[in-house]
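# What shape does this take:
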Amino acid sequence: MQMILILIIFTDDDLPKIRARDPHVFEKIFKEYHGKIYNFLLIKTLGNSHTAEDLLSETFNAALIFAPKLSNAKNIQGWLIRIANNKFIDYYRKQKIRNKYLDSYDAADVAQKDTSFDTLFEQEKYLLLELALKNINPEYSRMISLKYLEHKNNNEIAKISSKTLSAVNSILFRAKKQLKKELSNLIKDYL
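Prediction:
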């Protein structure tokens, strides 16, 4: 099965239509970028699809509001990601303030939670790995999970999967290659 990729490129010729909030142009912008922006927000929200969907909606609503101020139509994706990131930051601040005043949270529990930047970054990396594993060949995903997440050695994997040791080595080699490519694509789409 061949997949045809259609890439819509916006130029400065489209800028007056974008500034005028032309519904046909915004429909093209939404079709082109909603998946990438959603995935970006899904990673930022650590896999919370409901919040990512809400923030996606807020992002495109803000894009429509701020369209008359857009100065360059060549980097629509960067503009949308900047808006999405700002919407995420606003959401995070509101959550932080709201959680501060909730009676159901014990102050000791909140103090024990590690919300440092490094921890959030590690969680984002883990979620990105999880998304990549879902997008590759299921057998490859299973082998990588056994090897690196469950810390099995190649002999144990061979027994579990009823394969020879050389087959396991070969599959792991191909799996790592496919995973690396998928991670590269995801990172390119999200950044």
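# Secondary structure element holding residue 25?
In this structure, residue 25 is located in helix 23-44 according to DSSP states H and E.
# Just list what that helix packs against, helices and strands only.
Using 3 or more Cβ pairs under 8 Å, 6 or more residues apart in numbering; DSSP states H and E as the contact test, the elements touching helix 23-44 are helix 15-19, helix 49-66, helix 76-101, helix 117-135, helix 165-190. (Each C-beta comes from the backbone N, C-alpha and C, glycine too.)
# Only the buried residues of it, if you could.
Along helix 23-44, these residues count as buried under the neighbour rule (16 or more other Cβ atoms under 10 Å): 25-26, 28-30, 32-33, 36-44.
# Which two of those have the greatest separation?
Largest separation among the buried residues of helix 23-44 by Cβ to Cβ: 25 and 43, giving 27.4 Å.
# residue contacts, residue 67?
Taking Cβ atoms under 8 Å, 6 or more residues apart in numbering as the criterion, residue 67 is in contact with 18-21, 26.
# sorry, back to before: can I get the helices and strands packed on helix 23-44 in JSON lines including mean pLDDT, distance to residue 141 and mean neighbour count?
Written out in JSON lines, the entries for these read as follows (pLDDT from 0 to 100; distance: least, Cβ to Cβ, whole Å; neighbours: other Cβ atoms under 10 Å):
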{"stretch": "helix 15-19", "mean pLDDT": "76", "distance to residue 141": "40", "mean neighbour count": "16"}
{"stretch": "helix 49-66", "mean pLDDT": "89", "distance to residue 141": "20", "mean neighbour count": "17"}
{"stretch": "helix 76-101", "mean pLDDT": "77", "distance to residue 141": "28", "mean neighbour count": "15"}
{"stretch": "helix 117-135", "mean pLDDT": "71", "distance to residue 141": "5", "mean neighbour count": "14"}
{"stretch": "helix 165-190", "mean pLDDT": "85", "distance to residue 141": "7", "mean neighbour count": "15"}
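# Out of these, flag the one nearest residue 144.
Distance to residue 144, taken as Cβ to Cβ, is lowest for helix 165-190 among these, at 5.1 Å.
# of all the helices and strands packed on helix 23-44, which lies closest to residue 143?
helix 165-190 (5.1 Å).
# would CSV of the helices and strands packed on helix 23-44 with distance to residue 152 be doable?
Rendered in CSV, the data for these read as follows (distance: least, Cβ to Cβ, whole Å):
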stretch, distance to residue 152
helix 15-19, 52
helix 49-66, 30
helix 76-101, 37
helix 117-135, 16
helix 165-190, 10
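# related to what we said a few turns ago, tell me the angle of the helix holding residue 25 relative to helix 49-66?
Orientation note: helix 23-44 sits at an angle of 140 degrees relative to helix 49-66 (axes from the mean of the first three to the mean of the last three Cα atoms, to 10 degrees).
# so helix 23-44 versus helix 76-101, what angle?
Orientation check (the same axes, to 10 degrees): helix 23-44 against helix 76-101 gives 50 degrees.
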